[in-house]
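> Here is the input, now give the coordinates:
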Amino acid sequence: MQEFEVVQDFVSASARVLSEDELVEAFDKAIQKLGFTHFSCASMMDYNNPVPGSIFITKLPESWTSRYLDKNYHQQDAVLDAVQNRNVPVIWENMHVRNRFQKKILKEASECGLKNGISVQLFVPGFIPTTFSVSSEEQDFDRDSYLLLHLLCVYFHEAVLRVREESGSPQFEKKELTGREKECLYWAASGKSDTDIADILSISKHTVHFHIENAKRKFNLSTRIQTVVRAILSCSITP
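Predicted coordinates for the structure are as follows:
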């Protein structure tokens, strides 16, 4: 019961904070009471090339953050693999590790003080999916804290979005796309080529290109990838 009060206190605090710094301070205090020391809240993206509106808030050892970014570890991270399309937390010690390189990443993280923890992916329409991880410098910790940590992560993420909205941070404007433009972008988001999309929609490859180019102009973007990402973030399409 005392541990659940930690969550209640943080939920109350998160509703009152006026800045991300205040939120980080409140969250840090909460997880320390549960025996955890580090966390990261980051949009699913290339962390070295963040997109507008993305989240990258961390309290991690500087040595680990620098190494992770310098070596592009996000491309092979077992944690990011494990949390995709799941709504429940992933416990690190129970993760499936695909290869030796992923084992190497986890070993280096442990050496930097991230020995064990949980990660969960959070979904909010109009925003990039976010991976939230909370870790401990101890290999063993109270397993009853998993649910509590999950709740803390959800309320932290919600508070970040509220603070950004109240501070006037730019949101993604939804564009009026035609039905065909949405269809073409949807299949482009699924990795389909113009030829593939043409076959699926029973139209010509030239017509597919025409609709995607129109969408690019509406978003005032220069590449197909940027347009697909912006269409998803603005809820113009749902992949």
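> if I pick the residue of the chain positioned farthest from its centre, what's in contact with it?
The C-alpha centroid of the chain is most remote from residue 204, which lies 35.9 Å away (CA atoms, centre = their mean). By CB atoms under 8 Å, 6 or more residues apart in numbering, residue 204 lies in contact with residue 198. Quick note: C-beta positions are derived from backbone N, CA and C, even for glycine.
> where does it land on pLDDT?
pLDDT for residue 204: 95.
> What's the mean pLDDT across stretch 118-129?
Averaged over stretch 118-129, pLDDT sits at 85.
> Residue 145 and residue 2 touch, don't they?
No - contact criterion CB atoms under 8 Å: residue 145 and residue 2 do not qualify, at 12.0 Å.
> quick one, which of these two is more surrounded?
More crowded of residue 145 and residue 2, by other CB atoms under 10 Å: residue 145, with 20 against 6.
> Longest helix in this protein, please.
As assigned by DSSP state H, the longest helix anywhere in the chain is helix 145-166.
> That one: which residues count as buried?
Buried residues in helix 145-166, counted by 16 or more other CB atoms under 10 Å: 145-146, 148-153, 155-157, 159-161, 163-164.
> Next secondary structure after that helix?
helix 179-189 (DSSP states H and E).
> Show me the contact partners of that next one.
Residues contacting helix 179-189 (CB under 8 Å, 6+ apart): 177, 196-197, 200-201, 203, 207-208, 211-212, 214-215, 218, 224, 227-228, 231-232, 236-239.
> Distance from it to the middle of the chain?
Centroid displacement of helix 179-189 relative to its chain, using CA atoms, centre = their mean, to the nearest Å, is 23 Å.
> For residue 231, see how far away the residue farthest from the centre of the chain is.
22 Å (CB to CB, to the nearest Å).
> same deal with residue 155?
29 Å.
> now do residue 209
From residue 209 to residue 231 the distance is 16 Å (CB to CB).
> Now do the closest residue to residue 148 other than its chain neighbours, the pLDDT please.
In space, and not counting its chain neighbours, residue 148 is closest to residue 7: 5.3 Å by CB to CB, 6 or more residues apart in numbering. What the model reports as pLDDT for residue 7 is 93.
> my guess is residue 7 contacts residue 30, does it?
Yes - with contact defined as CB under 8 Å, residue 7 reaches residue 30; the gap is 7.4 Å.
> neighbour count winner among the two?
Using other CB under 10 Å, the more surrounded residue of residue 7 and residue 30 is residue 30, with 24 against 19.
> tell me what the helix or strand hosting the more buried one is packed against?
Assigning secondary structure by DSSP H and E places residue 30 in helix 20-33. Contacts defined by 3 or more CB pairs under 8 Å, 6 or more residues apart in numbering; DSSP states H and E place helix 20-33 against helix 2-16, strand 38-43, strand 56-59, helix 145-166.
> give me that answer again for 10 Å
helix 2-16, strand 38-43, strand 56-59, strand 130-136, helix 145-166 (3 or more CB pairs under 10 Å, 6 or more residues apart in numbering; DSSP states H and E).
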